[in-house]
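J.: What follows is a predicted protein model with its sequence.
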Amino acid sequence: MLTSSMDLHRAGRSRASSSTDPAPSITSSLELSIQTRIFKIIVIGDSNVGKTCLTFRFTGGSFPDKTEATIGVDFREKAVVIQGETIKVQVWDTAGQERFRKSMVEHYYRNVHAVVFVYDVTKMASFRNLQTWIEECNGHRVSASVPRVLVGNKCDLVDQIQVPSNTALKFADSHNMLLFETSAKDPKESQNVDSIFMALACRLKAQKSLLYRDVEREDGRVRLTQQTETKSNCPC
Ligand SMILES: Nc1nc2c(ncn2[C@@H]2O[C@H](COP(=O)(O)OP(=O)(O)OP(=O)(O)O)[C@@H](O)[C@H]2O)c(=O)[nH]1
Ligand SMILES: [Mg+2]
């Protein structure tokens, strides 16, 4: 799992103060946690469409040399600044293979803030299967107000494209989703990959104020309870 710059920053601060007085260190670390909003974004789609590579490109800024099928889920995080506010984008890179995801599905959809559906532009079957992924999402009571986007990946394989852009666009329109066609592999597309997650983060910031109010302790761990309220439009 990658660590966000916010995590490093937070760890640094708490280490610095803990050498003199451990009590303020715990307090300031907790205050920072409370102040930082977290947007949970899940990435869904067939196995091999490039979910891991896309999330790696966004959070790590590169294309992984080698990937293996994701088992369960991999968490990746990135701190982004939107209109002066630092927000932690928590990306859930889910498993596409049924055998590696079945025990995790409930966790994927719980308290999700946005959904990214991915298909492979060189595999028509991965595009057709989107309907099944959308049904699974709807079946887990994900509210219609949760933003969803469609991503056609592997656009660098120009000679192998099977899913025409206009077909994908029609599908996206009919499901009220934005369409991004991109490549996790092509470094020239990296800004486009970033814009998928940034567009969602901006939209979420405009929609909601996720306030972390009630701090509970459970099994020795601190759990932050979130509350949602409406906010003004984001000009991003
Ligand atoms: N040419 C090209 N290959 C890609 C791209 N993105 C991913 N791949 C390749 O596609 C294969 C699968 O990528 P992954 O990111 O592991 O796929 P996944 O969707 O996470 O698969 P699961 O974890 O099994 O669900 C790997 O061999 C990647 O190198 C891309 O944009 N272009
Ligand atoms: Mg994967």
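T.: Perfect, thanks for sending it. Residues are numbered from 1 along each chain as shown. Ligands and ions are numbered 1, 2, ... in the order given.

J.: which secondary element of the chain has the worst mean pLDDT?
T.: Across the helices and strands of the chain, mean pLDDT, DSSP states H and E gives its lowest value to helix 5-18, namely a mean of 30.

J.: Residue 135: how many residues sit nearby?
T.: The tally of other residues near residue 135 (other CB atoms under 10 Å) stands at 10. No exception for glycine: its C-beta is placed from N, CA and C like everyone else's.

J.: Just confirm residue 42 is within a strand.
T.: Yes. Checked against DSSP: H, G, I helix; E, B strand; the rest coil, residue 42 lies within a strand.

J.: Give me the spatial nearest neighbour of it, chain neighbours excluded.
T.: Sequence neighbours aside, residue 92 is the residue nearest to residue 42 in space, at 4.4 Å (criterion: CB to CB, 6 or more residues apart in numbering).

J.: Residue 88 now?
T.: The shortest distance from residue 88 to any non-neighbouring residue, by CB to CB, 6+ apart, is to residue 38 (4.6 Å).

J.: May I ask which helix or strand encompasses residue 38?
T.: Counting by DSSP states H and E, the element that carries residue 38 is strand 37-45.

J.: buried residues in the following helix or strand past that strand?
T.: Next in sequence after strand 37-45, counting helices and strands by DSSP H and E, comes helix 51-60. Within helix 51-60, the residues that count as buried by 16 or more other CB atoms under 10 Å are 51-59.

J.: same thing with stretch 87-101?
T.: Buried residues in stretch 87-101 (16+ other CB under 10 Å): 87-96, 100-101.
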